[in-house]
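**Q** Just the structure for this:
(4 chains)
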Protein chains: 2
Amino acid sequence: MGPTIHDVARLANTSKSTVSRYLNGQKVKRATQEALDRAIEELNFHRNANARRLVMDKTNTIGVVVDNISNVFYSGIIRGIEIVAGRRGFNCIFYSWTSNYGSEREFLSLLYEGQVDGLILVSFQKRTAEDLAVFRDSEYPVALVGDHGEMEGLMSVDVDNAAGLEEIVRYLHGLGHREIAYIAGPPHAGASKYRLKGFRQSMEALGLTENPAWIAESDWSNQGGYEAMRRLLKAGGFTAVVASNDETAIGALRAIQEQGLSVPSRLSLVGFDDISISEWVFPSLTTVRQPFQEIGMLAAEGLFRRIEGEDERIDSRSYSLLKPHLIVRDSCDRPTSI
Amino acid sequence: MGPTIHDVARLANTSKSTVSRYLNGQKVKRATQEALDRAIEELNFHRNANARRLVMDKTNTIGVVVDNISNVFYSGIIRGIEIVAGRRGFNCIFYSWTSNYGSEREFLSLLYEGQVDGLILVSFQKRTAEDLAVFRDSEYPVALVGDHGEMEGLMSVDVDNAAGLEEIVRYLHGLGHREIAYIAGPPHAGASKYRLKGFRQSMEALGLTENPAWIAESDWSNQGGYEAMRRLLKAGGFTAVVASNDETAIGALRAIQEQGLSVPSRLSLVGFDDISISEWVFPSLTTVRQPFQEIGMLAAEGLFRRIEGEDERIDSRSYSLLKPHLIVRDSCDRPTSI
DNA sequence: CACATTTTCGGGAACGTTCCCATTTTAACA
DNA sequence: TGTTAAAATGGGAACGTTCCCGAAAATGTG
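**A** Below is the predicted model of the structure:
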């Protein structure tokens, strides 16, 4: 298994207690320190993490569970988490549950088994109330990203989806658009629900009528956006399209361009999320930026407050809704006069 | 710390040995089994992973180190690794080293400290010969993705970059292109080197002359591709552009479209990698597909052969080069007649 | 130099498992 | 029922650390 502190002690002519102390940063006599350094170097000694964790009941590691680890979408969140964890001297390990695991719930065992000190669950997919209850009742440090604080007593962070949609609709309205189509996301996903609600509310607030034929549903994939847009184009009659996420918007863009229509001169298009590609497509996509890094940082900070026992009692303050903001690019223009 | 097997034993009126055996799948008397099930359920018992790992000197976990965990690019590789690990009953944990860590080498300590049983390093960035030597000399199971087997005795998997470029050039040549520009990647990255070499060799093999003004260097980013393309457009005179990766190609596409030129009627464009966006851009991008999932699976299989001791001696067989293949989409056409 | 105080050190228990080995219980068979 | 074989069980050592506590050494003070 490699050399142990006992081996180091023997070689340095001292005891394992002294080695342990030295490794943990306590002072030892100058002479012993030098002997220890030599012994550690010579044996290429590394402390066994499992033994340490066993006795200390602490791993200095947090687990981050992402429903699809390679979604560009999550990169900012992950980075935010890493920054905060780094500051606290914690490591992050990532788990992806798309492939091998059945549900987020299974990852609680990481906590029970002492593999991590806390868990951040990142997902914008559907979570059942039952799932949420299990996390809450576990009494372990768990933070959720992508949840509108639907379960009392659980830490969660999300973006204010409805507010984002309001910005979009107001912007389009300001450009002169009155006929606006909408590509919705999967109805079960929380974020999708809130975005649709935000769209409806702001349309109504501005006195715009919502045409049922101008609302298409997609699965938030590129292909889904493409198909939804083709359906909308058959109906026709609108001057702008709001897609409820960027991936969908880019699919829609393809459908529009395939019909020989031009964006933005003939049709304006807006997305939501501001994923990196949105800046690259042609024309570049006007969208609403989620403060991804901040989301990750907030979730991590909340988690560490619990891990370090600063927050004994979880209360409603542990739920944060962040304001997104509009990024104006080239995919919108005034509507063409009829 | 939660209940231990000793607590379970007491509640079920038996000994910790019996509990341990039962948990490890050995037979116990029917009566004790029922009592144990009840006790485990009642106490909500979970085995302490650190204690198990300490005594067994085995974690059943492999570490996957990715230089940028949220690069879409890596998603297929990660998936391939997960599939193979799942089959063997191993867990995967992912480490991202962009942010907090200095180099891939640091992750060797995961092995020394007994946190993982093996390590897969995924990176297409530069690796120094010194790095490679450290991995080889560690004598622990390590597999590399994105390395052309440059260090004898190290397991590695990569795609045959030169062969991919040959496919591209032959395809363009077949369409009638004779004047071909090239956007190269960062000169230090291995893959970039091999792609450029492949381009040159196949140009020469087909009797095409390489114009130095038609070779631009980029950093493999979208923005880099955009800038490189603008430089190429100033030179002009070619009918097709080969970008050495898709991200660059998409940046180049933007530059071309901004100039009011059309792809493919005025200029043909090819990328490399086949990342997911390539299918979505307009026009969809002709490119070379890397067999990402297979790459991941091969690396993992090699690693498990070492972990499970099937491969005592690492030999040259442990280095695999996979053939990529051309995906024809809409970004290429015959050259326009002058 | 004697004594008190501080610093450094070493021994041993503990963490929660697994696994070996000896013992007890059960089953098989005459 | 007695004997033997097989199955089930319990006790204890071990894994490599940390941490407590008492002993030893070093330092300070008169």
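
**Q** what does chain A have sitting close to DNA strand C?
**A** Residues of chain A lying close to DNA strand C (CB under 7 Å from any atom of the strand) are A:14-18, A:21, A:27-29, A:31-32, A:51, A:54-55, A:57. Using the backbone N, CA and C atoms, a C-beta is placed for each residue, glycine as well.

**Q** Any of those buried? List them.
**A** A:14, A:18, A:28, A:32, A:51, A:54 (16 or more other CB atoms under 10 Å in any protein chain shown).

**Q** returning to that earlier point: and the furthest pair within the residues of chain A next to DNA strand C?
**A** Spanning the widest gap among the residues of chain A next to DNA strand C are A:Ala31 and A:Asp57, at 34.1 Å by CB to CB.

**Q** Near chain B, list only the ones from the residues of chain A next to DNA strand C.
**A** A:51, A:54, A:57 (CB under 8 Å from any CB of the partner chain).

**Q** Pick the one among the residues you listed closest to DNA strand D.
**A** The closest of these to DNA strand D turns out to be A:Ala51 (CB to the nearest atom of the strand; 3.4 Å).

**Q** dump the residue contacts of the closest one.
**A** Applying CB atoms under 8 Å, 6 or more residues apart in numbering or on different chains, we find A:Ala51 in contact with B:50, B:54.

**Q** That one: helix or strand, and which one exactly?
**A** For A:Ala51, the element it lies in under DSSP states H and E is helix A:49-56.

**Q** Which is the succeeding secondary structure element to that helix?
**A** strand A:61-66.

**Q** does A:Ile62 really touch A:Leu111, like I thought?
**A** No - counting by CB atoms under 8 Å, A:Leu111 is not a contact partner of A:Ile62; they are 10.2 Å apart.

**Q** and for the two, which residues touch both?
**A** Counting by CB under 8 Å, 6+ apart, the residues touching both A:Ile62 and A:Leu111 are A:118-119.

**Q** Could you check which of the two has the larger neighbour count?
**A** A:Ile62 (25 against 21; other CB atoms under 10 Å in any protein chain shown).

**Q** what's near enough to touch the more buried one?
**A** Taking CB under 8 Å, 6+ apart as the test, what A:Ile62 contacts is A:81, A:85, A:90-93, A:116-120, A:300, A:303, A:307.

**Q** looking at the sheet around it, what are its partners?
**A** A:Cys92, A:Gly118 (DSSP bridges).

**Q** With A:Glu82 as the reference, measure out to it.
**A** To A:Glu82, A:Ile62 is 10 Å away according to CB to CB, to the nearest Å.

**Q** next one: A:Gln290
**A** 17 Å.

**Q** So the closest residue to A:Ser284 other than its chain neighbours: helix, strand or coil?
**A** The shortest distance from A:Ser284 to any non-neighbouring residue, by CB to CB, 6 or more residues apart in numbering or on different chains, is to A:Arg329 (4.0 Å). Put simply, A:Arg329 is coil when judged by DSSP: H, G, I helix; E, B strand; the rest coil.

**Q** For A:Arg329, grab the count of nearby residues.
**A** A:Arg329, neighbours per other CB under 10 Å, totals 18.

**Q** do A:Ala235 as well
**A** A:Ala235: 14 neighbours (other CB under 10 Å).

**Q** Repeat that for A:Ser20.
**A** Count around A:Ser20 with other CB under 10 Å applied: 15.

**Q** which residue packs closest to it, ignoring adjacent ones?
**A** A:Ile5 (5.9 Å).

**Q** interface residues of the stretch 101-250 of chain A facing DNA strand D?
**A** Neighbours of DNA strand D within the stretch 101-250 of chain A, by CB under 7 Å from any atom of the strand: none found.

**Q** Provide the secondary structure category for the closest residue to DNA strand C within the stretch 101-250 of chain A.
**A** Nearest to DNA strand C in the stretch 101-250 of chain A, going by CB to the nearest atom of the strand, is A:Gly114, at a distance of 7.9 Å. The assignment at A:Gly114 comes out as coil when based on three-state DSSP.

**Q** from what I can see it touches B:Thr4, true?
**A** No - A:Gly114 lies out of contact with B:Thr4 (CB under 8 Å); the separation is 11.3 Å.

**Q** which of those two has more neighbours?
**A** A:Gly114 (23 against 16).

**Q** Contacts only, for the more buried one.
**A** Going by CB under 8 Å, 6+ apart, A:Gly114 touches A:53-54, A:57, A:59, B:1, B:48-50.

**Q** Going by distance to B:Ile275, which of the residues you listed wins?
**A** A:Thr59 (34.9 Å).

**Q** What separation is there between the closest one and DNA strand C?
**A** Plainly put, A:Thr59 is 13 Å away from DNA strand C if you go by CB to the nearest atom of the strand, to the nearest Å.

**Q** What of A:Pro264?
**A** Distance of A:Pro264 to DNA strand C, given as CB to the nearest atom of the strand: 62 Å.
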